[in-house]
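>>> sharing a model prediction with you, sequence too.
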Amino acid sequence: MASATSDRLLLRLSPDGQVSWLGRSGAGVAGDPPPAIVAQARQIVVLVPSEDVLLAGVTLSARSRAQLLRALPFAVEDLLLAPVEEQQFVPVPLAGPEADRLGVLVVARARLRDWLDQLAARGIKPDVLLPETLALAPATALVEPGRAVLRVAPDAGMACPADGLADWLGQAGVPASELQVYDFRSAGAPVLAGAGRYHERQRDVLAFLAAGLARIPANLLEGDFAPAHRGAAGGRRWRLAAALAAVVLLLGLAERGLGVMRLQRESDQLQAAMRESVRQALPELDGDALAGVQPDQLLQLRLQGLRGGSGDGLLGLLAKIAPVLASGTRVQTRGLEYRNGALELGLRAPDVQTLDLLRERLAALPGLRAEITGTSQTGQDPAGGQAGVDARIRISGGGA
């Protein structure tokens with residue numbers, strides 16, 4: 001466990017409500033940490049008295065964490081004196097031989113709130129709360145003036161009066177020879193005879209606990225007690241990542257838009273060049289005859305007309321009808337097809353009356369016949385135009 005000079009600040013809340021913290025030198029310091037140290041810490045871990053936290057083990061199988069949390073209260077209900085609704089249950093993963101079992105921390109919700117209130121009064125907002133037993137290795141006992149904390153197994157721990165340690169071990173069925181005892185009292189006879197190893201006159205209990213807390217195995221601040229500020233830094237990082245992603249997306253869209261504009265500009269230039277080539281190849285056609293007709297279609301139809309041998313041919317028909325088509329803007333030319341001496345125009349008009357008027361004007365041209373071969377109502381034009389009528393008008397010579 002790092003000292004206060006790093007990102008993590010370790011504190012200990014004693015049963016009498018006193019606070020100590022791990023100082024810059026890695027040694028425990030009695031009293032509240034300075035506000036500057038608290039403000040600099042990115043994570044605050046607080047050890048709470050083991051007298052108020054039950055550590056037990058269960059064997060459960062669950063398909064999800066939510067299902068596991070629902071099952072935990074009922075798995076340890078027989079060990080509790082108070083209703084499960086008044087308790088906080090937190091799972092503790094176990095390693096080694098106990099990997100098939102799950103540890104469970106149980107604490108009264110009222111006691112948990114009391115601890116948080118005590119810390120808040122000191123200006124401390126903890127990120128992690130866990131009992132002292134989780135900072136001890138299995139088969140280890142810690143002795144202080146008046147109390148002892150021991151962890152007899154990965155999923156079993158307790159706190160008791162120091163002078164009653166032997167009796168508690170006897171009730172738990174744990175031989176004293178299996179324990180290592182660390183005695184932090186400055187004087188006094190050993191409290192446990194026959195211990196596997198007995199380390200007398202130890203110093204700095206908080207530094208000892210910090211050394212045993214290489215990782216955070218659990219956190220009593222789960223569910224309703226999860227601190228709102230815990231995810232603030234992560235939330236800021238997510239917001240920054242989202243902002244960067246939005247910038248990348250906008251840059252990508254801008255690049256694509258510029259690419260589309262560049263391609264459209266190149267396409268317009270090619271169309272203009274093609275029209276100019278057609279104009280040079282067919283000098284007899286004026287601008288009205290070329291308007292609304294794709295150059296490649298016009299050349300193809302010209303060849304078809306020349307091959308067809310018709311007296312008027314495609315060019316003759318276009319020359320006759322071009323003034324009529326160009327005299328108004330309410331009718332759009334959508335395509336044309338020349339076959340067997342007849343020209344079929346694909347048109348779009350705002351209504352049937354306008355379409356019929358155009359047919360009459362075309363039929364009134366000398367030597368031409370015009371008939372509507374098909375119509376259909378249309379919705380709104382994808383390019384933004386209004387609804388209208390699509391139609392095809394077949395134009396041919398008088399004898400066609």
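Cool, the structure landed.

>>> how far off centre is stretch 33-40?
Its chain's average C-alpha position is 33 Å from that of stretch 33-40, according to CA atoms, centre = their mean, to the nearest Å.

>>> dump that stretch to PDB, restricted to CA.
Taking C-alpha atoms only, stretch 33-40 is exported to PDB below (Å, rounded to 0.1, in the frame of the first residue of the first chain):
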ATOM      1  CA  PRO A  33      -4.500  13.800   7.500                       C
ATOM      2  CA  PRO A  34      -3.900  17.500   6.400                       C
ATOM      3  CA  PRO A  35      -6.500  18.700   3.900                       C
ATOM      4  CA  ALA A  36      -3.800  19.200   1.200                       C
ATOM      5  CA  ILE A  37      -2.900  15.400   1.500                       C
ATOM      6  CA  VAL A  38      -6.600  14.500   1.200                       C
ATOM      7  CA  ALA A  39      -7.100  16.800  -1.800                       C
ATOM      8  CA  GLN A  40      -4.100  15.300  -3.600                       C
END
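
>>> next, the buried residues of that stretch.
Along stretch 33-40, the positions that meet the burial threshold by neighbour count (16 or more other CB atoms under 10 Å) are 33, 37-38. Glycine gets a C-beta too; all of them are placed from N, C-alpha and C.

>>> buried residues in stretch 256-267?
By neighbour count with 16+ other CB under 10 Å, stretch 256-267 contains no buried residues.

>>> how about stretch 342-357?
Buried residues in stretch 342-357, counting neighbours by 16+ other CB under 10 Å, are found at 342-345, 347-349, 354-355.

>>> and of these, the nearest to Arg65?
Arg348 (62.6 Å; CB to CB).

>>> could you give the number of residues near the closest residue to the closest one other than its chain neighbours?
With sequence-adjacent residues excluded and distances taken as CB to CB, 6 or more residues apart in numbering, Arg348 is closest to Gln332, at 4.6 Å. One way to gauge burial is a neighbour count; for Gln332, by other CB atoms under 10 Å, it gives 16.

>>> which one of the buried residues of stretch 342-357 is nearest to Val19?
Sorting these by how near they are to Val19, with CB to CB, puts Arg348 at the top with 83.6 Å.

>>> can you confirm that closest one is in a strand?
Yes: going by DSSP: H, G, I helix; E, B strand; the rest coil, the assignment for Arg348 places it inside a strand.

>>> residues contacting it?
For Arg348, the contacting residues are 331-332, 334, 378, 381, 388-391, by CB atoms under 8 Å, 6 or more residues apart in numbering.

>>> are any of those residues buried, and if so which?
Neighbour-count burial within the contacts of Arg348 applies to 331-332, 388-391; the criterion is 16+ other CB under 10 Å.

>>> using CSV, lay out the residues you listed together with pLDDT.
As requested, those are exported to CSV (pLDDT from 0 to 100):
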residue, pLDDT
Val331, 85
Gln332, 85
Gly388, 84
Val389, 88
Asp390, 89
Ala391, 89
